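Q: model the following, please.
(chains A and B)
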Protein chains: 2
Amino acid sequence: MHKDKKQKNIKESPLFWPATIKRGVLWVLDETLIPQKMHYIKVHDLPEAVNVIRRMKTRAFGQFLVVLSTFLLIINKSKALSDKALLGQIKKAAGRLNNSRPTFPFSEVTSIVVGWAETALKNGMELRPFVSKNIMGYLAGIRARRLERVCKIADAIKNGDSILTHCNVSGELAMAASICQQQGKEIHFFATETRPYFQGAKLTCWELNRMGAKVTLIADNAVGSVMADGLVNKVIVGSDRSCANGDFANKIGTYQIAVLAEEFGIPFYVLTQPSNKVKKGSDIPIEIRKAKELLVYSGKRAVSGPVDGFYPGFDVVPHQLITKAIAIDVN
Amino acid sequence: MHKDKKQKNIKESPLFWPATIKRGVLWVLDETLIPQKMHYIKVHDLPEAVNVIRRMKTRAFGQFLVVLSTFLLIINKSKALSDKALLGQIKKAAGRLNNSRPTFPFSEVTSIVVGWAETALKNGMELRPFVSKNIMGYLAGIRARRLERVCKIADAIKNGDSILTHCNVSGELAMAASICQQQGKEIHFFATETRPYFQGAKLTCWELNRMGAKVTLIADNAVGSVMADGLVNKVIVGSDRSCANGDFANKIGTYQIAVLAEEFGIPFYVLTQPSNKVKKGSDIPIEIRKAKELLVYSGKRAVSGPVDGFYPGFDVVPHQLITKAIAIDVN
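A: Numbering: from 1, shown residues only, chains lettered A, B, ... in the order given. As a prediction, the model looks like this:
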């Protein structure tokens, strides 16, 4: 099948592209409400964008969409500004977005946008259409490359595979599962709950299920047990940030899954980002989130008394534990 | 300090001895309501006893107390029965208790009680006082040996230790922590949440806190991360069932913690039971609990659609991963 045609036939998961501008407003899928309901939050400006990121209404790939789209919002609303003043606003926005969550390399994309704006100004081009077109072209490129990767993931999944995944990989794994089913492959997934946000239970189970894939939920502490019992023969996880040496950061818990996979000789696959500005894993700043997110669930405090909670949002997997990195092609 | 005096000074945790007969009724601490409240369920007979075990109102050591105490209830209520009929009731009760939860070796204690009853009948002794006295003596012996072990645990904990624990070890660790504080040792605990029942969050944090110990809650998936960051220098866990070869079964998640401890060279201590009738870990039947216990939390379904859940209640740690077993002395 021709590649483009193959990609067009892929059934899309809402988590694959969870933020889009329509009629001048950025609609962001509220991932915290899934699976109960699919609700899109309207984001009109920079403070609202920072808010959805910080409150984890969107996460992983959704955050990059929000970051890039926020510049489009700013440009659309800046008709009264001179190009020079607009460049100032773009730089300010870049700074605020970069600082919204520490582990994500937002500066790698915001610096590109700032660069476009500076280029336009320096060369006497109209800033608005130049930067807008570049952002939209950039997004279209990412979209095409992610669809390509979905096909690569499907190729890596073999008939009879039982795949463990952790947290949520923003649509790609579920879409690959859908392709595998079209190809007649019998596959099964184990999804970890991924405490404390339950992204595995809420997002991964939901989207794998929507795609018609078989999925079994396990507690984060059952990974060693299902591996020891031979119930899993492959691990596929996403990554939030990759390093030049191959190390990567991902949702807390990914690291111990990688150690266990090695212990049991289970191949460990990771979907990596084209984000090589950081040399090695220990250079990635790890976001420590509020203890409250761990200590309170469903509005009720899970512990009593002055108990502390420690919630690193991510951990780093050293490249030695990776069997295969499925990268996004960067031309 | 003289041993007996030392033991008398130990501040007791409610989880150390969570079931007692008072005025002909067995009062069982409802561990599912902790930390919100301390409520004791009144157990009057065998079906109620089986019920508190099966519904995990009590667990670990509490179950053994309930099993043994149930025979005292039966004996107290059997005044109208002949000794022969009472033996029949005791045997029937033993069978029902043995089958209440598969992973626990209840038959190892129920068979002792049945043996006492048979001995009494065979030798023409009065069955009721003979069996009752033996059960009470047996319980007193266990109590003394567990208090001895609390002192051993305290000895194993050194000044400056940061100890990771999983699930809940029924009072002993918290009481050891209390001794350590009296000894002026500065220590700190990390407690895993222990999904899906949150015994770590609800029970361990609660009792360590009541004993004045410092405790930090982490998600089950953060164990690898805190170990990699050097935040933990010792692991101490309990065991639900031990084997002759040293393997042991404990709450799901214990196994992967043991693997991670080995990966990071962190000593792994286990409090073992005197339960050596099973040769090796693979001979222990693992209780698979209902998927619902994983899929529903706080009355709300965590997943949508026909998602399955897999909840093995326990896993088995091979003896090779154990640095030190702190056993209960059996004379």
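Q: mind listing what the residue nearest the centre of chain A touches?
A: Note on chain A: the residue nearest the mean C-alpha position is residue A:60, at 2.4 Å, using CA atoms, centre = their mean. For residue A:60, the contacting residues are A:167-170, A:238, A:240, by CB atoms under 8 Å, 6 or more residues apart in numbering or on different chains. For every residue, glycine as well, the C-beta is placed using N, CA and C.
Q: likewise for residue A:225?
A: Going by CB under 8 Å, 6+ apart, the list of residues near residue A:225 reads B:252-253, B:255-256, B:312, B:315.
Q: am I right that residue A:325 falls within a strand?
A: Yes - Residue A:325 forms part of a strand when assessed by DSSP: H, G, I helix; E, B strand; the rest coil.
Q: report the beta-bridge partner residues of it.
A: residue A:270 (DSSP bridges).
Q: per-residue pLDDT, it?
A: Per-residue confidence (pLDDT) for residue A:325: 96.
Q: for chain B, see how far away the residue nearest to the centre of chain A is.
A: The spacing between residue A:60 and chain B, counted by CB to the nearest CB, to the nearest Å, is 16 Å.
Q: got it, and residue A:30?
A: 15 Å.
Q: list the contacts of that residue.
A: So residue A:30 contacts A:39-41, A:57-58 (CB under 8 Å, 6+ apart).
Q: please report phi then psi for it.
A: Residue A:30 adopts backbone torsions of phi -80, psi 100, taken as degrees, to the nearest 10.
Q: before we move on, back to that, which two of the contacts of residue A:225 have the greatest separation?
A: Spanning the widest gap among the contacts of residue A:225 are B:256 and B:312, at 12.1 Å by CB to CB.
Q: comparing those two, which residue is more hemmed in?
A: residue B:256 (29 against 18; other CB atoms under 10 Å in any protein chain shown).
Q: correct me if wrong: that one contacts residue A:221.
A: Yes - contact criterion CB atoms under 8 Å: residue B:256 and residue A:221 qualify, at 6.6 Å.
Q: surely residue A:19 touches residue A:26?
A: Yes - contact criterion CB under 8 Å: residue A:19 and residue A:26 qualify, at 6.1 Å.
Q: any residues in contact with both of the two?
A: Counting by CB under 8 Å, 6+ apart, the residues touching both residue A:19 and residue A:26 are A:43, A:66, A:69.
Q: ok, the nearest residue to residue A:145 once chain neighbours are set aside - contacts?
A: Nearest non-adjacent residue to residue A:145, counting by CB to CB, 6 or more residues apart in numbering or on different chains: residue A:328, 4.8 Å away. Contact analysis of residue A:328 by CB under 8 Å, 6+ apart lists A:142, A:145-146, A:148-149, A:271-274.
Q: okay if I get those as CSV plus neighbour count and pLDDT?
A: Formatted as CSV, the contacts of residue A:328 follow (neighbours: other CB atoms under 10 Å in any protein chain shown; pLDDT from 0 to 100):
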residue, neighbour count, pLDDT
A:142, 19, 93
A:145, 15, 95
A:146, 19, 95
A:148, 14, 96
A:149, 19, 96
A:271, 25, 96
A:272, 22, 92
A:273, 22, 79
A:274, 12, 76
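Q: between those, which sits nearest chain B?
A: Relative to chain B, the closest of the contacts of residue A:328 is residue A:271; by CB to the nearest CB it sits at 18.8 Å.
Q: could I get the CA-only coordinates of the helix or strand that contains residue A:223 as PDB?
A: Per DSSP states H and E, residue A:223 falls inside helix A:223-228. The C-alpha trace of helix A:223-228 is given here as PDB (Å, rounded to 0.1, in the frame of the first residue of the first chain):
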ATOM      1  CA  VAL A 223       4.400  -5.300  36.700                       C
ATOM      2  CA  GLY A 224       7.100  -7.600  38.200                       C
ATOM      3  CA  SER A 225       4.500 -10.300  38.800                       C
ATOM      4  CA  VAL A 226       3.000 -10.300  35.300                       C
ATOM      5  CA  MET A 227       6.500 -10.300  33.800                       C
ATOM      6  CA  ALA A 228       7.600 -13.200  36.100                       C
END
